[in-house]
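*Asks:* dropping the sequence and predicted coords here.
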Amino acid sequence: MKFSRKTKISSDIPTASMPDIIFMLLIFFMVTTVLREYSGLPIKLPKAKRIEKLQSKRHVTQIWVSKEGLISIEDRLYNLNNVRNVMYEKRAADPQLTVSLKADEAAQMEIISGIHNELRKADALKLNYSTKTEVD
Amino acid sequence: MARKKRRFKGGEIPTSSMADIAFLLLIFFLVTTTIDTDKGLGIVLPAEGQELEIKKQNILNCLINSSGKVLLGGEPVAVKDISRIVKKRLQENPRLIISVKAHGKSQYKSYVKVIDQLKQANATRISIAETE
């Protein structure tokens, strides 16, 4: 079979690859968008050398502790005594829960210790002290 | 003008390489975008009501005072020396449990430094005592 030669000049933009581009954009945004991002409290994280990465953001709840002693979970301030109720619910919903403690380096140990106790009561035992990498 | 008409024949944008370009871009963004994962010192808290009796010789007390000074096993030590000392003690006694106790008014920073030092000494049995 002989194909007829194209003689007409077509001026329209080809749309055959359009789906590819759209899918690419879609995948790009899916990869870069982090769900459930909270602004937290303004803190200065301490530095440490022997750090480990948290596996996935999905099973992580962050607790912010500022140097003034404010405790924030998911952008809501809580009293130390209420942390256990919040964390208990979270732990019940997700047994793989890891708590990422984002505390200011000048925070007092009283509060940190209080949070330890609250987390123990809430049975959320996997804890991660969020730190920055120390460069030496 | 001497230009011939057949030079305008291929007026279309070539689409055969479009997919390649798209994939190239995709791979570029995948490589360059770092999803900022949380990093930190991992620790597992003991469950509520799970107090164990531990032999005295298996405990190494590590106390932090309000100014960030550390007392390791009754002797004042510099924070950066903790990992070296603990490593040595762990070789002597692999069952050693390091009990970290911080003063209520001590800073979180000094506590994290101590935990980091213990992690550097590969101490896995770390106990966190309550503050007074």
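*Replies:* Now that the structure is in, tell me what you want to look at.
*Asks:* switch to C-alpha atoms for all contacts and neighbour counts from now on
*Replies:* Noted.
*Asks:* could you find the closest non-adjacent residue to the residue nearest in space to the middle of chain B?
*Replies:* Compute the mean C-alpha point of chain B, and by Cα atoms, centre = their mean the closest residue is residue B:40, 3.2 Å away. In this structure, residue B:40 finds its nearest non-sequential neighbour in residue A:130, 4.2 Å apart by Cα to Cα, 6 or more residues apart in numbering or on different chains.
*Asks:* how near is the most centrally placed residue in chain A to chain B?
*Replies:* Among the residues of chain A, the one closest to the centroid is residue A:57, at 4.6 Å (Cα atoms, centre = their mean). Separation of residue A:57 from chain B (Cα to the nearest Cα, to the nearest Å) stands at 7 Å.
*Asks:* low-confidence regions, chain A specifically.
*Replies:* A:1-2, A:4-7, A:15, A:17-19, A:22, A:29-30, A:32-37, A:56, A:136 (pLDDT under 70).
*Asks:* what about the helices in chain B?
*Replies:* B:18-32, B:82-92, B:108-120 (DSSP state H).
*Asks:* I figured residue B:79 hits residue B:71, correct?
*Replies:* No - distance between residue B:79 and residue B:71: 9.4 Å, which falls outside the contact criterion (Cα atoms under 8 Å).
*Asks:* ok, back up a step: now for the residue nearest to residue B:40, how many residues are close by?
*Replies:* Residue A:130 has 29 neighbours, counted by other Cα atoms under 10 Å in any protein chain shown.
*Asks:* check the gap between it and residue A:10 for me.
*Replies:* Remark: distance between residue A:130 and residue A:10 (Cα to Cα, to the nearest Å) = 59 Å.
*Asks:* can you check residue A:95 too?
*Replies:* 60 Å.
*Asks:* all strands for the chain, in order.
*Replies:* Answering for chain A, as no chain was given. A:47-48, A:52-53, A:60-65, A:71-73, A:76-78, A:98-103, A:126-130, A:132-133 (DSSP state E).
*Asks:* that was the other one, I meant chain B.
*Replies:* B:39-44, B:59-64, B:70-72, B:75-77, B:97-102, B:126-128.
*Asks:* same list, the ones you listed, but as JSON lines with mean pLDDT please.
*Replies:* Listed next are the strands of chain B as JSON lines, based on pLDDT from 0 to 100:
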{"stretch": "strand B:39-44", "mean pLDDT": "83"}
{"stretch": "strand B:59-64", "mean pLDDT": "86"}
{"stretch": "strand B:70-72", "mean pLDDT": "86"}
{"stretch": "strand B:75-77", "mean pLDDT": "86"}
{"stretch": "strand B:97-102", "mean pLDDT": "86"}
{"stretch": "strand B:126-128", "mean pLDDT": "81"}
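*Asks:* compare the ones you listed and give me the one nearest residue A:27.
*Replies:* Among the strands of chain B, strand B:39-44 comes nearest to residue A:27, with 25.3 Å by Cα to Cα.
*Asks:* adjacent strands (with direction) for the closest one?
*Replies:* Paired neighbours of strand B:39-44 in the sheet (DSSP bridges): strand A:52-53 (antiparallel), strand A:126-130 (antiparallel).
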